Every structure is written in structure tokens, then in C-alpha cells.
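Q: Mind folding the following:
(one chain, ligands or ions: 1)
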Amino acid sequence: MTERSLHSITENLARIRYNIAEAAQRCGRNPAEIRLMAVTKTVPVPLVNHAVANGVDLLGENRAQEMLEKYEGYHLDGVDLHFIGHLQTNKVKQVVGKVSMIHSVDRLGLAEEISRQSEKLGITTKVLMEVNIGGEISKSGVMPREVELIARQIAQLKAIKLCGLMAIPPICNKKAQIEGYFSQMQALTVDIKAKKIDNITMEFLSMGMSDDYIHAIPYGTNILRLGSAIFGARS
Ligand SMILES: *Cc1c(COP(=O)(O)O)cnc(C)c1O
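A: Modelled structure (predicted):
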């Protein structure tokens, strides 16, 4: 860790916050309702803590093992920890109880296990459903046409609360194309919310990463998940 990398994190955060505020203003949104998550994969603990010292109050973890190794070192006072990575069913018990939300629920079986482990701890775990908005064979996530069905099934589970949707859209080089995916995610959110299903709040829409966060802002995102834009390219 060098002075230089610490300084660049401070600068990056200032620039990102400025960009968020400007994009929000352009579309008539209040920037205060958009949370900035720092995605910590591969980032050493002192750099994560530097982001926290610079006002980051939400961290995103991708891997259960890496989270367990780094967790004790994080300054988590006033900071929320969310799990955002692909989660194997047998790793659920390592994660439940340590994070306040899991963004990557991509199948009913995973939701069932999260509920089961949460019940054991006497807690309710908040989750988002990951949507495969590009319909890509190689990617995890619930296909858009199945979102409502799976949402209704998750809503039946006892110790889990479905709070919204998350997406990692396909890599796009055209603004109109990425905006199309963000717009579809917003439409899905509005659609499910309108059905007023018990035990589903749809209060969060988690989308927008380092390369595209500006374009997600007009489409209702309220959790931006940023890694490299804050910490620099991953080695
Ligand atoms: C790595 C990761 C991010 C952040 O990616 P960047 O392009 O570095 O901003 C966001 N969401 C998920 C699920 C990730 O795995």
C-alpha cells in the first residue's frame, strides 16, 4: 500500500460522487437515495478501510472465503456488508448472519438454504434476486420471464425477505444497448412491486458497475456496485 494508492482512492471517490450527483440531477433524482457500494474483491484490507474512512458505508463481498479472511480487519462501524457474488449452497452458512443483504439469489434452492440457515440463527435475511437480464447461457441469474414465479416462491419462505432485484448486464459498447437492459430491470421492478405480494418489498434495485454506473442512474438504480473505479484495476 502506497501513499499514492490511498490518495487515488480518495480522488476516485470524490470524482464518482460528483458524477453520481450530476447524473442524478440531470434526471431529476435525489442523489441521496442512491447508495454507493465499494466492491472489495482482491483489494487489501487497509485500502478498503481507507475507502471507509472516506465515507463509504457499504461494502460488497464476492467470495465467502475471502470475506472470512478479511472480515475481522474491516472497520465496520456504521458500515453495511452485503454479499454480491455467486453463492454455492454449501457456503451459505458461512455468510448468513455476517452480511445484512445477499444480492445474488439466482435460484430457489439457494433462497431455501438462506432461509433455513437464517431460521437457525433466529434472524431474517434480506435478499435480492439476481436477474439474467441479457438471457446469457453462461451467466447465472433468473431469466426475466421466470422472475415473478420465483419471487412468489421465495416470498413463501420463512426467514428471508425479498427486497428487490440485482443484475450484471452483458458487456455493451453502445449506450443505448446498456440502457435497454437497465430499463428492462426497472420495468421488472415496477411490475413486481405493483403486484403487492406479501413479504416482497422491491425497495432496492442493484445495478451499475464501474463502466456503466452513470447510465444506470436514470433507470432507478439505488445501489451502485463499484470496484475498479474506486480501487483501480484488479491485479
Ligand atoms: C466485481 C463486481 C462488481 C464491480 O465491478 P467493477 O467493474 O470493478 O466495478 C460489481 N458487482 C459484482 C457482482 C461484481 O462481481
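Q: What parts of this structure come near the ligand?
A: Counting by Cβ under 6 Å from any ligand atom, the residues of the chain close to the ligand are 39, 41, 62, 84-85, 168, 209-211, 225-229. Quick note: C-beta positions are derived from backbone N, CA and C, even for glycine.
Q: PyMOL command for the buried members of those?
A: To isolate the buried members of the residues of the chain next to the ligand in PyMOL, using 16 or more other Cβ atoms under 10 Å:
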select buried, resi 39+41+62+84+85+168+209+210+225+226+227+229
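Q: roughly how far is the helix ranked longest in the chain from the heart of the chain?
A: Ranked by residue count under DSSP state H, the longest helix found in the chain is helix 3-26. Centroid displacement of helix 3-26 relative to its chain, using Cα atoms, centre = their mean, to the nearest Å, is 19 Å.
Q: neighbouring contacts of that helix?
A: For helix 3-26, contacts defined as Cβ atoms under 8 Å, 6 or more residues apart in numbering pick out 30-31, 34, 36, 47, 50-51, 54-56, 213-214, 217-218, 224, 226, 229-232.
Q: quick one: the strands in this protein?
A: Taking DSSP state E to define them, one finds strands in the chain at 35-39, 58-61, 80-83, 101-105, 125-131, 160-167, 200-206, 223-226.
Q: follow-up on the earlier one: list only those of the contacts of helix 3-26 flagged as buried.
A: Using 16+ other Cβ under 10 Å, the buried members of the contacts of helix 3-26 are 31, 34, 36, 47, 50-51, 54, 56, 213-214, 217-218, 224, 226, 229-231.
Q: Output stretch 143-156 as PDB, nothing but the C-alphas.
A: Provided in PDB are the C-alpha atoms of stretch 143-156 (Å, rounded to 0.1, in the frame of the first residue of the first chain):
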ATOM      1  CA  MET A 143     -34.400 -15.500 -16.600                       C
ATOM      2  CA  PRO A 144     -36.700 -12.400 -16.900                       C
ATOM      3  CA  ARG A 145     -39.800 -14.500 -17.700                       C
ATOM      4  CA  GLU A 146     -39.400 -16.500 -14.500                       C
ATOM      5  CA  VAL A 147     -38.800 -13.600 -12.100                       C
ATOM      6  CA  GLU A 148     -42.300 -13.400 -10.900                       C
ATOM      7  CA  LEU A 149     -42.800 -17.100 -10.400                       C
ATOM      8  CA  ILE A 150     -39.500 -17.500  -8.400                       C
ATOM      9  CA  ALA A 151     -40.300 -14.300  -6.400                       C
ATOM     10  CA  ARG A 152     -43.600 -15.700  -5.400                       C
ATOM     11  CA  GLN A 153     -41.900 -18.900  -4.300                       C
ATOM     12  CA  ILE A 154     -39.200 -17.000  -2.300                       C
ATOM     13  CA  ALA A 155     -41.900 -15.000  -0.700                       C
ATOM     14  CA  GLN A 156     -43.300 -18.200   0.900                       C
END
